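In: Please find the sequence and the predicted model below.
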Amino acid sequence: MLDLTPKEVMERKALRINPCKTCQPVGALYAALGVRNCMPHSHGSQGCCSYHRSVLSRHFKEPAIAASSSFTEGASVFGGRSNIVTSARNIFDIYNPDIIAVHTTCLSETIGDDLGSYIMDMDVPEGKVVVHTNTPSYVGSHINGFFNMMMGFMNYLTRKEGTPNGKTAVFPGWVNPGDIRELKRIAALMRVPTTFFPDPSGVMDAPMTGRYEMYPEGGTTVDEIRGLGDSEHLIALGEITCIEPAELLKKKWKVDFDLLPLPVGVAYTDQYVMALRRRSMVEVPAQLEMERGQLVDLMLDSHSYTYRRKVAIFGDPDVVIGLTALVLEMGMLPKYVITGTPKEDFARKVRALFELYGVEDCVAKANADLFELHQWIKNEPVDLLIGSSYGKQIARAEDIPFIRAGFPVLDRYGGPLLPIVGYSGSIHLVERITHTLMDRIDRDCADEDLEVVM
Amino acid sequence: MSREKLLEKYSAKVYKNRKDHVLQLELEEAEGIPAIAANTRTVPGVMSARGCCYAGCKGVVVGPLKDVCVITHGPIGCGFYSWGTRRNKARTDEHTEKNFVPYCFSTDMQESDIVFGGEKKLETAIDEAMALFDPACVMICSTCPIGLIGDDVQAVARRVEEKYGITAIGYACEGYKGVSQSGGHHIANNGIMRNVIGTGDEQPKTRFSVNILGEYNIGGDGWEEERILKRCGIEVVNLFTGDASYAALKNAHLAGLNLVMCHRSINYIAEMMKTKYGIDWIKVNFIGFGATCKTLRDIARYFNDPELTARVEEVIADELAEIHDEIEYYKLQLAGKTAGIFSGGSRSHHYQVLLEELGMHTVIAGYEFAHRDDYEGREVIPFIKDDADSKNIESITVAPDEAFFREVYSEEEIEALRSGPDGVEINAYDGMMRHMERGDVVVDDYNHFETDALIETMKPDIFFSGIKDKYSIQKAGVTSRQIHSYDYSGPYSGFRGAVNFARDVRMALYTNAWSLVTPPWRHEPLLVGTIGGGQ
């Protein structure tokens, strides 16, 4: 496996090998699936839409609906106005969503299609909405696409009626439905009324009922998005994914925000809970304090199997930062921490964590790829690898235990239902990390060293 | 009638377009094969399953070449999505030491590259690939922006060839070209025909040698076919392009016969090799044990050697005996079940045959990107009118090669081979619809709405489609299997493959959780009482 990867690292300026990111539009599509009765729409060649739907379905094991402008060579030369107009008409006619959320592609961006004016001129049925965002695939990564789509919805829809609606808005960032359910549960325990935006729970984890619902009961409603401007406050989770949407809401409607790391591990979940506590001004209930205590108890109980064990973590910036914080709490050494997303802030934040825990010889890098990560591992191995499904190649090549987390996980089932956030999500993670390391000890040790009790 | 019910929901404009793509067959001997509209533009917004030209070129045909460093020139997405997602299995062999299949190479274009042009970055990327891997062949696949900003990937390929003395091929397979993946297949076929086939001189080792064209080795199908052919004494020079290598493809013109599995994606090469080298091709089908028997007998008939014919019969008898009991068991379980199949451009035909052998019937069949000849048979080709989108895809012409052109049979002999009930489909393909029955529905460029509606009206027991439809079909209560990826099972080809397939179909139909869908409280009222004092 990956037999052609040399140990010697050669600096590359142009060739990306085994990327740790993908392009903006898929992020926009996922964000739009977190809106109730919404049809995501890709303005470009139909291949983009097909690829994005496929990767989302493969990750969530759920339908991922989206339509395309189906550009041909003619549209690429003369512009895609008639394509998007025809498309919107057909979508409302055949699929009847409340809202169409259009994102662009590298094709429509390169030819400079002006979607704002196309949409303005469109004949949109009464009570329906079309919104758009620009997601040039040659800028940033799928993470940019996710927050750009959030801002697209907000630019078109949000308003301020003047009366605060008593809700705290929560931007959960790019996480799984299982994470959103956990974040909501914590907010409910803290008695904070919330609006989660976007909210793919209920959509990308829909139950089996024997009836297919094209628009399942889930997602932030159009009215809820409209009302974001009247929120009392905003808690934005994921400092890299959510900073721009948070600043937009503040700029547009003066909604103050807490910008927090994704709540993975004890300290980051504490930050989320404390932010909620400031909203509701109620004491943290016994239930949550117990869960926190269980998590710390588990870390202490198992620390001898994780202490100073080396781990490489790759994936999307905020998930990776959260995972890094968690493994540091477990006493592990996050030897290599990378994201493919080109955000230098990522490396700074991870290095700050290294400093906080006084760990040395650990590397953090943004705009990196898995080929490079593999080469580092060849030079100095790690005990554990955490990341998306593509990590399995490196794990196999170097015989490293591997845990799947983040996006995309294409080769396992059930992951999107289970949280990695909050105290209880972190308990799942600590359990998986510890067991994976211990399974390896059991596999590799001599017969006489096989311990029944550990 | 299902077709009418389906179409009546469309607006006038969409109806006008879609009515010619959806047929409900009334096949009677006299009426012949109906015409279907195919390979035309998708209606925007209908949620078609189609992909793009790049997906057809890089994803389908070029990507599987294991010793080739295939570089996607463009922003990161296209390369990322076509990385390890198609199951074109490959391993190193006597021709190849390097296997690039697990890797993804991209120029990861940034905004400045779009503004100032990306040729320089592409050349630097190739320099880096040469320094790291020293491949014998580099292929460049273009994504949408490339043609728009005017990067000339073919010129870059020529410069790379001069600089490194290797083979480099640039494909102008921008996503917007053509109307589907199909244009990309054609562009890839052209590039391989022009630059690879015919450049080698390694003769086949045995008398009976074949290439299997349009075999992408999904789930190891190609290897299973190779195993069976090898038993018969037939050498497989190349699988095109599953587990294929640049090194071996160079010698493809020295094989004795071309077998065509996926007619849609590779018929261009089959035809061009016939013109240039005189190599005949036959349309084969290794999907189905009966189909495999027929394929093997066709090959034996073509080579017309008593020893080979006897050997083929021995292998058939032996392989059939091996699977007999299991197949009989599955037939009992599957008999009378109905199916729907939506695939790319070939499998909806292939799998109907296997399902029929298992006692099932296919009531809905459709393709994403097939042409009329895939539905109606190749004799329709002269009557297909090229539209502007097809004309944008280059068609190349080849002339007989002075050194290598040789024809085995005269036209009369070919005609004789072709005729009769057991005729060999030689240099010909009869299309899918001939094998279907009255009342069955055929859909070209199927979309989400039509899939949904057809399933509701025709209620097949199982539906074979792709990942984009799988879960919506399943949520509607119909078991669904991916016919592109085999849901990570396989091989499905040949004799043993038929058993694998039957096992998986049975599993999908009867898996225990299907009985758990409805919770008990849906059937049992919470309050039980009596009415009017009665019992």
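Out: Perfect, I can see it now.
In: can we go C-alpha only for contacts and neighbour counts from here?
Out: Will do.
In: Leaving out chain neighbours, which residue sits closest to residue 254?
Out: Defaulting to chain A. Nearest residue to A:Lys254 in three dimensions, chain neighbours excluded: A:Gly229, at 7.9 Å (C-alpha to C-alpha, 6 or more residues apart in numbering or on different chains).
In: Correction: the question concerned chain B.
Out: B:Gln203 (6.1 Å).
In: re earlier: how much space between the residue nearest to A:Lys254 and A:Asn37?
Out: According to C-alpha to C-alpha, to the nearest Å, A:Gly229 stands 21 Å off from A:Asn37.
In: before we move on, what about B:Met458?
Out: Counting by C-alpha to C-alpha, the gap from B:Met458 to A:Asn37 is 27 Å.
In: Over to A:Ala66?
Out: A:Ala66 is 12 Å from A:Asn37, by C-alpha to C-alpha.
In: wouldn't A:Pro416 be in contact with A:Trp174 here?
Out: No. Applying C-alpha atoms under 8 Å, one finds A:Pro416 not in contact with A:Trp174, separated by 11.7 Å.
In: Name the residue in those two with the higher neighbour count.
Out: Per other C-alpha atoms under 10 Å in any protein chain shown, whichever of A:Pro416 and A:Trp174 has more neighbours is A:Trp174, with 29 against 23.
In: ok, the more buried one - contacts?
Out: When contacts are counted by C-alpha atoms under 8 Å, 6 or more residues apart in numbering or on different chains, A:Trp174 is found next to A:31, A:143, A:146, A:241.
In: Any idea how many residues pack against the second one?
Out: Residues within reach of A:Ile143, counting by other C-alpha under 10 Å, total 26.
In: Output the contacting helices and strands for the helix or strand hosting it.
Out: Taking DSSP states H and E as the definition, one finds A:Ile143 inside helix A:142-157. Under the contact criterion of 3 or more C-alpha pairs under 8 Å, 6 or more residues apart in numbering or on different chains; DSSP states H and E, helix A:142-157 touches helix A:24-33, strand A:129-133, helix A:222-226, helix A:243-253.
In: Between A:Gly229 and A:Asn37, which is the more surrounded one?
Out: Between A:Gly229 and A:Asn37, counted using other C-alpha under 10 Å, the more crowded position is A:Gly229 (27 against 24).
In: mind checking how far the more buried one is from B:Glu328?
Out: From A:Gly229 across to B:Glu328, the span is 66 Å (C-alpha to C-alpha).
In: hmm, who's touching stretch B:81-90?
Out: A:51-52, A:55, B:55, B:58-59, B:64, B:66, B:99, B:101-104, B:216-220, B:242-244, B:484-485, B:488.
In: Could you report the neighbour count for A:Asp411?
Out: Count around A:Asp411 with other C-alpha under 10 Å applied: 13.
In: so it sits in a strand?
Out: No. Assessed with DSSP: H, G, I helix; E, B strand; the rest coil, A:Asp411 is coil; it does not lie in a strand.
In: any idea how far A:Ala446 is from it?
Out: Using C-alpha to C-alpha, A:Asp411 is found at 32 Å from A:Ala446.
In: Show me what the longest helix anywhere in chain B is packed up against.
Out: The single longest helix within chain B, with elements called by DSSP state H, is helix B:306-334. Counting contacts by 3+ C-alpha pairs under 8 Å, 6+ apart, helix B:306-334 packs against helix B:221-232, helix B:289-303, helix B:494-510.
In: To chain A, which of those helices lies closest?
Out: Nearest of those to chain A, taken as C-alpha to the nearest C-alpha: helix B:494-510 at 14.5 Å.
In: Quick one: mean pLDDT over the closest one.
Out: Mean pLDDT, helix B:494-510: 98.
In: what do you get for stretch B:6-17?
Out: Taken as a whole, stretch B:6-17 has an average pLDDT of 94.
In: and A:Ile100, that's in a strand?
Out: Yes. Applying three-state DSSP, one finds A:Ile100 inside a strand.
In: what's around it, how many residues?
Out: By other C-alpha under 10 Å, 24 other residues sit near A:Ile100.
In: Run through the residues that contact it.
Out: A:38-41, A:88, A:129-131 are the contacts of A:Ile100 under C-alpha under 8 Å, 6+ apart.
In: where does the residue of the stretch 251-400 of chain A found nearest chain B land in three-state SS?
Out: Relative to chain B, the nearest point of the stretch 251-400 of chain A is A:Gln393 (7.9 Å; C-alpha to the nearest C-alpha). With three-state DSSP as the basis, the three-state label of A:Gln393 is helix.
In: What of A:Ala169?
Out: Going by three-state DSSP: A:Ala169 is strand.
In: Excluding chain neighbours, give the residue nearest to A:Ile225 in space.
Out: The shortest distance from A:Ile225 to any non-neighbouring residue, by C-alpha to C-alpha, 6+ apart, is to A:Thr158 (6.0 Å).
In: burial measure for that neighbour, as a count.
Out: 21.
In: Need the pLDDT of it.
Out: 96.
In: Quick one: residues contacting it.
Out: A:225-229.
In: And A:Glu161, by the same measure?
Out: Here A:Glu161 is in contact with A:229-230 (C-alpha under 8 Å, 6+ apart).
In: residues making contact with the longest helix anywhere in chain A?
Out: The single longest helix within chain A, with elements called by DSSP H, is helix A:422-444. Residues from elsewhere that reach helix A:422-444, judged by C-alpha under 8 Å, 6+ apart: A:179, A:182-183, A:186, A:263-266, A:269, A:288, A:291-292, A:294-295, A:298-299, A:302, A:305-306, A:326, A:330, A:383-384, A:401-403, A:418-420, A:450-451.
In: What is the nearest of the contacts of A:Thr158 to chain B?
Out: A:Ile225 (24.5 Å).
In: Quick check: the closest one touching A:Phe196?
Out: No. Taking contacts as C-alpha under 8 Å, A:Ile225 lies outside contact range of A:Phe196: 9.2 Å.
In: start to end distance for stretch A:396-410?
Out: End-to-end distance of stretch A:396-410: 16 Å, with C-alpha to C-alpha as the criterion.
In: can you tell if that stretch touches chain B?
Out: No. Shown here: stretch A:396-410 not in contact with chain B (C-alpha under 8 Å from any C-alpha of the partner chain), separated by at least 9.3 Å.
In: And the contacts of that stretch?
Out: In contact with stretch A:396-410 (C-alpha under 8 Å, 6+ apart) are residues A:1-3, A:55-56, A:58-59, A:175, A:315-316, A:319, A:378, A:382-389, A:391-392, A:394-395, A:415, A:432-433, A:436-437, A:440.
In: What are the buried residues along it?
Out: For stretch A:396-410, the neighbour count (16 or more other C-alpha atoms under 10 Å in any protein chain shown) marks A:398, A:400-410 as buried.
In: where does B:Val260 sit relative to A:Ile84, distance-wise?
Out: 39 Å.
In: show me where the stretch 301-450 of chain B has strands.
Out: Applying DSSP state E, counting those that start in this stretch to the stretch 301-450 of chain B gives strands spanning B:338-343, B:361-367, B:441-444.
In: Partner strands of the shortest one, with direction?
Out: Right, strand B:441-444. Take DSSP bridges as the rule and strand B:441-444 pairs in its sheet with strand B:22-24 (antiparallel), strand B:361-367 (parallel).
In: So what's the gap between the worst-scoring helix or strand of chain B on mean pLDDT and the chain middle?
Out: Within chain B, confidence by mean pLDDT, DSSP states H and E is lowest for helix B:2-7 among all helices and strands, at a mean of 88. Offset of helix B:2-7 from its chain centre (C-alpha atoms, centre = their mean, to the nearest Å): 28 Å.
In: Does anything pack onto it? Which helices or strands?
Out: By 3+ C-alpha pairs under 8 Å, 6+ apart, helix B:2-7 packs against strand B:22-24, helix B:448-458.
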